[in-house]
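1. Got a predicted structure plus its sequence, pasted below:
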Amino acid sequence: MDERELLELALTAVEACEADQAEAFAMEGERATTRFANNQIHQNMAERSRQLSVRAVMGKRIGVATGIVNNAEEAKGVAARAVELAKVSGELEDFVSLPGPTTIAEAPAGAAKDVVECTAADRGEAVAKALAIATGRHLVAAGSLATDYSIIALANSLGVKAARSATNATFHLVMQGEDSGGYAAAEGKALADTRVAETAEKAAEKADMGRHPRAVEAAPMTVVFEPVAAAEMLSFLGFAGFNALAYQEQQAFTCDSLHKQVGVEMLDIVDDGLDPRTYVAPFDFEGVAKQRVELISKGVVSGLVYDSYTAGREKPARESTGHAGPAPNTWGPVPWNMIVEPRTGSMEELIGQVERGLLVSRIHYLNFVHQRQMILTGMTREGTFLIENGKIVGGVRNLRFTEHFVESLGRIAAIGGQGELHGMVWTPPLVIDGFEFTSGTGF
């Protein structure tokens with residue numbers, strides 16, 4: 001099925017939905033994964049499916065039904081179920097309307113050929129390079145290489161019609177030594193973006209550098225966060241902080257910080273669905289064109305992202321910024337394409353600026369202590385190193401932290417010049433002073 005056919009399926013569901021307003025979201029895709037552990041590939045799997053979700057609006061009552069569909073009749077059946085659910089749903093008093101059509105910008109071609117044509121043998125051949133590096137260094141590797149090719153189509157009864165194709169590929173692994181581990185990951189639109197051999201070498205180097213880890217006292221210290229670790233924390237800032245629903249429900253740090261200085265002046269964070277550094281998406285899951293939103297400008301919190309529901313709740317009502325998730329979306333709008341604008345300095349140069357601190361490769365078990373205050377807790381994992389006098393002197397045992405992350409933005413000492421994409425965030429490495437480590441571990 002191509003974009004045109006999938007859009008026709010969505011339109012069929014909308015036309016069949018006997019409601020005041022109707023929306024249909026159709027997605028067809030294939031996800032394939034090659035997993036490995038103990039230096040052996042142990043699983044090759046692929047899944048292909050076509051799903052349809054229909055949102056029916058009857059006054060202020062909303063019903064959402066989802067199903068696997070193969071033809072127009074099954075699509076009509078999903079629409080009928082959505083109507084039945086709407087009839088028995090409670091009223092959403094502040095709901096205004098589904099969105100109308102917007103002008104959607106032309107985006108670069110959405111699908112990478114090497115993902116669309118990738119086979120299990122291709123993935124196996126790529127993974128074999130990583131396994132050869134592991135065995136050559138007497139390390140044990142575990143991880144996965146995954147590819148995803150999808151087509152999505154959206155239509156509603158107010159005239160929205162949109163479809164696009166997209167691909168992504170992700171590779172991550174841990175290289176394990178007797179008493180050390182090294183983590184690395186790479187991803188992007190194309191299979192080539194995973195840089196399997198380069199990424200495996202990076203993980204292996206960390207495992208070698210981290211042998212015989214020492215314990216260091218848990219205390220506030222300067223930290224160099226690699227992009228993987230920085231992106232993990234920034235994603236929490238994004239989906240819980242710049243989310244208009246969280247703001248309206250008084251659960252976001254922006255309730256206290258909107259239009260205020262929270263970060264250093266060098267810090268600029270934007271969300272831009274058309275920026276090729278991210279997974280380009282010209283429209284959201286309501287078929288609304290994505291707007292470029294400045295989230296933090298020169299350290300000042302400057303914007304929020306909206307979907308049609310949260311935009312309608314504003315007084316006065318405003319337009320959606322094109323950041324809706326798939327219905328039913330109880331979380332709210334999300335900045336899916338966050339970018340921390342780079343400054344200057346390679347990783348080596350950033351490390352060279354640190355008198356004493358830590359290099360952190362990865363964050364593990366990250367969670368909220370307090371969502372509105374953006375207090376996060378987590379621990380380092382698989383690649384934590386002591387820096388002294390601008391040089392890495394060895395691995396350290398992992399540390400737990402509890403940090404007021406918004407406050408830490410005001411303690412950024414440097415932002416690197418080269419970034420990486422990890423999930424919803426493209427970011428360079430960050431150097432943060434006084435990061436609050438609270439306890440150590442035995443490993």
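-> The structure has been received and is ready for your questions.
2. List the neighbouring strands of the helix or strand encompassing H172 plus their orientation.
-> Using DSSP states H and E, H172 sits within strand 161-176. If you go by DSSP bridges, strand 161-176 pairs up with strand 140-156 (antiparallel), strand 181-188 (antiparallel).
3. from the chain's centre, how far out does the shortest one sit?
-> A distance of 15 Å separates the C-alpha centroid of strand 181-188 from that of its chain, computed with C-alpha atoms, centre = their mean, to the nearest Å.
4. quick one: the helices in the stretch 301-443 of the chain?
-> Using DSSP state H, counting those that start in this stretch, the helices of the stretch 301-443 of the chain run over 308-313, 347-352, 405-408.
5. Residues touching the shortest one, excluding its own?
-> With C-beta atoms under 8 Å, 6 or more residues apart in numbering as the contact definition, helix 405-408 has outside contacts at 233, 236-237, 241, 253, 257, 262, 373-376, 432, 434-435. C-beta: built from backbone N, CA, C; applies to glycine.
6. how many neighbours does S180 have?
-> Counted with other C-beta atoms under 10 Å, the neighbours of S180 add up to 22.
7. Looking at per-residue confidence, what score does the residue lying closest to it once chain neighbours are set aside get?
-> Leaving aside its chain neighbours, S180 sits nearest to G210 (3.5 Å; criterion: C-beta to C-beta, 6 or more residues apart in numbering). pLDDT, G210: 97.
8. any chance of the strands paired with strand 161-176 in JSON lines, plus mean neighbour count and distance to I415?
-> Converted to JSON lines, those look like this (neighbours: other C-beta atoms under 10 Å; distance: least, C-beta to C-beta, whole Å):
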{"stretch": "strand 140-156", "mean neighbour count": "22", "distance to I415": "28"}
{"stretch": "strand 181-188", "mean neighbour count": "24", "distance to I415": "20"}
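9. Need the ones you listed in a markdown table (columns: distance to M347).
-> Conversion of the strands paired with strand 161-176 to a markdown table gives the following (distance: least, C-beta to C-beta, whole Å):
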| stretch | distance to M347 |
| --- | --- |
| strand 140-156 | 22 |
| strand 181-188 | 13 |
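10. could you dump those to a markdown table with distance to W336 and mean pLDDT?
-> Below are the strands paired with strand 161-176 laid out as a markdown table (distance: least, C-beta to C-beta, whole Å; pLDDT from 0 to 100):
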| stretch | distance to W336 | mean pLDDT |
| --- | --- | --- |
| strand 140-156 | 13 | 98 |
| strand 181-188 | 14 | 98 |
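11. Select, out of these, the one closest to E388.
-> Closest approach to E388 among these is made by strand 181-188 (20.1 Å; C-beta to C-beta).
12. How about residues contacting the closest one?
-> Under C-beta under 8 Å, 6+ apart, the answer for strand 181-188 is 168-175, 193-196, 198-200, 202-210, 228, 361-362, 381-383, 420-423.
13. Kindly report the same for stretch 79-94.
-> By C-beta under 8 Å, 6+ apart, stretch 79-94 touches 13-14, 16-19, 22, 24, 54-65, 67, 312-313.
14. List only those of the residues you listed flagged as buried.
-> 13-14, 16-17, 19, 22, 24, 54-58, 61-65, 312-313 (16 or more other C-beta atoms under 10 Å).
15. show me where pLDDT drops low in the protein?
-> 1, 109 (pLDDT under 70).
16. Which elements pack onto whichever strand in it runs longest?
-> Of all segments of type strand in the chain, defined using DSSP state E, the longest is strand 40-58. With contacts defined as 3 or more C-beta pairs under 8 Å, 6 or more residues apart in numbering; DSSP states H and E, strand 40-58 has these neighbours: helix 3-16, strand 21-37, strand 61-68, helix 72-88, helix 120-136.
17. now for those, which one comes closest to A146?
-> Comparing the helices and strands packed on strand 40-58 by C-beta to C-beta, strand 21-37 comes nearest, at 4.3 Å.
18. in that closest one, what counts as buried?
-> 21-30, 32-37.
19. Okay, now the sheet partners of that strand, with direction.
-> Short version: by DSSP bridges, strand 21-37 pairs with strand 40-58 (antiparallel), strand 140-156 (antiparallel).
20. Turn those into JSON lines, including distance to M266.
-> Below are these laid out as JSON lines (distance: least, C-beta to C-beta, whole Å):
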{"stretch": "strand 40-58", "distance to M266": "42"}
{"stretch": "strand 140-156", "distance to M266": "34"}
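21. Would you tell me which of these gets closest to E3?
-> strand 140-156 (5.6 Å).
22. wait, what's in contact with L11?
-> Per C-beta under 8 Å, 6+ apart, neighbours of L11: A24, A155, K161.
23. roughly how far apart are it and P326?
-> L11 sits 18 Å away from P326, taking C-beta to C-beta, to the nearest Å as the criterion.
24. Could you do F236 as well?
-> Applying C-beta to C-beta to F236 and P326 gives a distance of 20 Å.
25. and what of V174?
-> 31 Å.
26. who has more neighbours, those two?
-> V174 (23 against 17).
27. Do I have it right that that one meets A200?
-> No - the pair V174 / A200 is not scored as a contact, 10.5 Å apart, by C-beta atoms under 8 Å.
28. overlap in contacts of those two?
-> Joint contacts of V174 and A200 (C-beta under 8 Å, 6+ apart) are A141.
29. then stretch 39-47 to CSV, C-alphas only?
-> C-alpha atoms of stretch 39-47 as CSV (Å, rounded to 0.1, in the frame of the first residue of the first chain):
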residue,chain,number,x,y,z
ASN,A,39,28.7,-12.3,20.9
GLN,A,40,26.1,-14.2,19.0
ILE,A,41,23.0,-13.2,17.0
HIS,A,42,20.1,-14.9,18.8
GLN,A,43,17.0,-13.3,17.1
ASN,A,44,15.9,-12.0,13.8
MET,A,45,12.3,-10.8,13.7
ALA,A,46,10.1,-8.6,11.5
GLU,A,47,6.5,-7.4,11.9
